[in-house]
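1. here is a sequence with its predicted model. Questions after.
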Amino acid sequence: MTDDTPAAEGFDEDPSASSEPDGGAVVVEPDEHVHVDPYERNWMRIAAFTMVVFAIAVTVAGLALGIQVPTDEGRVDPNTLASTPPWSEPGLREIVPGEEYDLYIVARRFAFQPMEVEIPQGATVNFYATSADVQHGIKLGLAGAEGRQASNINIMVIPGQVSKLTSTFDDVGVYDYICHEYCGLAHHQMAGVLRVVPAEGGE
Amino acid sequence: MLKGRPTQVDYQLEQRDRNFVGYHLIVAVAALLIGSTFGPLQSLEHAGIDLYPQMTWLVDNYYQGLTIHGVLNALVWTTFFITGFLTLCMIKGLGRRLRYPVLNWIGFLTMVVGLVITAVPLLAGNATVLFTFYPPMQPSSLFYIGLTLVVVGSWIEGLGFYLTFYEWRKDNPDQRSPFIAFASLVTMVLWQIATIGVAAEILGMLLPASLGWTSGMDPQLARTLFWFTGHPLVYFWLLPAYLSWYAMLPKQVDGKMFSDQLARLAFWLFLLLSVPLGFHHQFVDPGIPSGWKYVHFALTYAVAIPSFMTMFTVIASLEYGAWRRGGRGLFGWVRALPWGNPSVTAQLLAGILFVFGGIGGIMNASYNVNLALHNTAWVPGHFHLTVASAVTMTFFGISYWLVPYIVGKPLWAPKLALASSWIYFGGMLVFSNALHTVGLLGAPRRVPLGLAPYIPSEWSGHLWRVGIGGTVMYIGLILYVVVIVVTALRRKRFAEDEGVEIPVAESRRDVQATPVWLDRWVPWLTATGLLILLAYGPQLYEQIVNAQLNSPSFPP
Ligand code: HEM
Ligand SMILES: [Cu+2]
Ligand SMILES: [Cu+2]
Ligand SMILES: [Cu+2]
């Protein structure tokens, strides 16, 4: 390949380009600033702009729509769950009848406690979870199947930690809660069910 | 003096140094071969064809195979290939032997010993903890000891690089460090900073607990330390591929390096930004304030900048080469690339798959979007496009000139090598798309989906695509191994006037024009340290002072 082949259109062929280095006489001074091709500069602008737009979208979804990730909710001793309320009695607690519930879930190989929960349509549920042994996880809901529903609930369930996430359930159906972190040889069997049923005397 | 052919251009590695690189490759390819064998088994299991009952002579269950798959592919194939390849780039780049070849030999042998020690409990079924080994699930202590030795060995090899560079710098105070050596050094430094996390996790918490010195572990802190390493680990895999794309591939397509300066800037930015964002793997962890997760989310978006730079620069240098080969047109130039060269094709296909991997990666990193994706089958769908495609296929491509260079024999059956890449690529498109799809529908990862009671029958079409795609990939991968092994073992040697060169592209602009600050370590290392301190310091401090080692261990 010889160097008098035309350079690609639009590429600035640099005068200081080291095409034939055998002359060896010229001392090249370093550039003061990074030399950036004009096309590349524009590309970088587009890239930065795109990322900013994405970041704004994510932030708005977090603040305005309330789609939040879990935060630090304090610790609990995994060895004494059986004697630490509320973990000693996992299950559903009614806060505002028909509207708001707290659900305490204890993960233990290879089942959740409770394994089945029923709530009325339109209810808001605060999920609290911890583990009595190894790491587990909860992904609530599946899509693409008759009668099954998906949700935004996704948490790690870690011994020593309390996980919390909240969701409102406007759609009737079956929401499987599936263990999504490898927890041992029957990891694939660890799943419970949340049923959202039409509210009594509901609309 | 300053202007002139850099030392690297004519330097050829001595045969014993080539062999040293070759030994790394032998371990790497053997690991890939064994590790990948579980790939089609896992994929077919998803499709409902459970071959594990026939595999009991090798593994007891899906999870043991998956652990071997993850460890051998993601940790061993990558680490050994990379240390070998970077050794070659150091020697070639600096135009001299390593300062202390014995030191690097010690490092390499330490890695091998570590690998053997890890393999024992893995194969015996005493370490079925997957490659993330999250506590308090506890493998045999040998697993930890072996992994530690692999990391220590790689550090020793890195030390050998630094000493070599130090000597070169003394001899060449005013030269820009040759790019391929520079990029190798950045990769190694990144790896050493990154692995501090997992070293602290294993030596400070997991190993003492497994030896019975402490009564338990703090799983949340362990995860934080693990992901301190886990994210930059992916850059340790990627940067050697980038090295090839930036500085070698252009030469292979008859072009030049588009910009030495921007390439360096990109590498510095990767060093600066790749450690302090590990929380993006922990968006749904309980014990981390969401504000800190948001900080790491923002920093992850910042890494998109050098990634987009890389995309531009690599494509621009390909276009430049294609134009010099006579290609014309807005997209028409693509046809002028040397698609008949298996080394080039493997890397071009790697790059194409990486575009999809990158888009998926941005989605993973997008804070609350992660709720829809975390630990679903989407994630393996994603990283088979990155580590198992962008990185692995680039390493295929590198092997196609590297192995001939090492053994002094022409590549056997280049057509088969070409076919290998296309087959793997085609399989990957199907496989990865299907995994992404079932992941979005809610399928968890690390699950033998065929056995899981909750998987709806409506998904079977997608799961079949996983099975078919995965099997096709494996065929492509086996062809790669066959081509490489036959090349190494064949009789035919290069004739006197034949041979392969290490492709090192010239920069379009003289490298001496590169600003000095792009070739200085102290400011960049300081900035890296500071940023890590800012982004990780407060949370690490918090989690360490509040740590409670009260989670007892459990067998897998
Ligand atoms: C023939 C080629 C391959 C096939 C068919 C294949 C298939 C699979 C499948 C189906 C899974 C998902 C398992 C699950 O989540 O339950 C998986 C996991 C994985 N694969 Fe591959 N794979 C192949 C090659 C590779 C390569 C080359 C690498 C890395 C360089 C790799 C790295 C991984 C890793 C890290 C995991 C995750 C393991 C874990 O979750 O612990 N794979 N593979
Ligand atoms: Cu579980
Ligand atoms: Cu599980
Ligand atoms: Cu990451």
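-> The structure has been received and is ready for your questions. Quick caveat: nothing in here was measured; it's all calculated off a predicted structure. Numbers count the residues shown, from 1 in each chain, chains lettered A, B, ... in the order given. Ligands and ions are numbered 1, 2, ... in the order given.
2. for residue B:181, the count of nearby residues, please.
-> For residue B:181, the count of nearby residues is 23 (other CB atoms under 10 Å in any protein chain shown). To be clear about C-beta, it is placed using only N, CA and C from the backbone, and glycine gets the same treatment.
3. wait, a helix at it?
-> Yes: under DSSP: H, G, I helix; E, B strand; the rest coil, residue B:181 sits within a helix.
4. tell me if I'm right that it and residue B:90 touch.
-> Yes: taking contacts as CB atoms under 8 Å, residue B:181 lies within contact range of residue B:90: 5.3 Å.
5. ok, now which ones touch the nearest residue to residue B:460 once chain neighbours are set aside?
-> Among residues not flanking residue B:460 along the chain, residue B:48 sits closest, at 7.1 Å (CB to CB, 6 or more residues apart in numbering or on different chains). Residues counted as contacts of residue B:48 (CB atoms under 8 Å, 6 or more residues apart in numbering or on different chains) are B:450, B:460, B:463, B:464, B:467.
6. quick one: mean pLDDT for the helix or strand harbouring residue B:462?
-> Following DSSP states H and E, one finds residue B:462 within helix B:460-489. Averaged across helix B:460-489, pLDDT comes to 97.
7. what about it, distance to the chain center?
-> 19 Å (CA atoms, centre = their mean, to the nearest Å).
8. which other residues reach the helix or strand following it?
-> Proceeding N to C from helix B:460-489, the next assigned helix or strand is helix B:521-545, under DSSP H and E. The contact list for helix B:521-545 (CB under 8 Å, 6+ apart) reads B:189, B:193, B:218, B:220-221, B:224, B:228, B:268, B:271-273, B:275-279, B:287-289, B:292, B:295-296, B:299, B:517.
9. filter these to the buried ones?
-> Buried members of those, scored by 16 or more other CB atoms under 10 Å in any protein chain shown, are B:189, B:193, B:218, B:220-221, B:224, B:228, B:268, B:271-273, B:275-279, B:287-289, B:292, B:295-296, B:299.
10. give me the low-pLDDT residue ranges for the chain?
-> All of this is about chain A. In the predicted model of chain A, residues A:1-27, A:201-203 satisfy pLDDT under 70.
11. sorry, I should have been clearer: chain B.
-> B:1-9.
12. pick out the residue of it closest to ligand 2.
-> residue B:444 (9.8 Å; CB to the ion).
13. grab the nearest non-local neighbour of that residue.
-> That would be residue A:180: by CB to CB, 6+ apart, it lies 3.9 Å from residue B:444.
14. that neighbour contacts residue A:135, correct?
-> No: the pair residue A:180 / residue A:135 is not scored as a contact, 10.4 Å apart, by CB under 8 Å.
15. more neighbours: these two, which one.
-> Higher neighbour count among residue A:180 and residue A:135: residue A:180, with 30 against 27, using other CB under 10 Å.
16. now that one: which helix or strand?
-> Going by DSSP H and E, residue A:180 is not in any helix or strand.
17. any idea how far it lies from ligand 2?
-> Separation of residue A:180 from ligand 2 (CB to the ion, to the nearest Å): 8 Å.
18. residue contacts, that residue?
-> When contacts are counted by CB under 8 Å, 6+ apart, residue A:180 touches A:137, A:138, A:139, A:154, B:374, B:375, B:376, B:444, B:445, B:446, B:447.
19. follow-up on the earlier one: any part of the helix holding residue B:462 near ligand 1?
-> Yes: residues of helix B:460-489 contacting ligand 1 under CB under 6 Å from any ligand atom: B:470, B:473, B:474, B:477.
20. now, of these, which are buried?
-> Buried by 16+ other CB under 10 Å: B:470, B:473, B:474, B:477, out of those.
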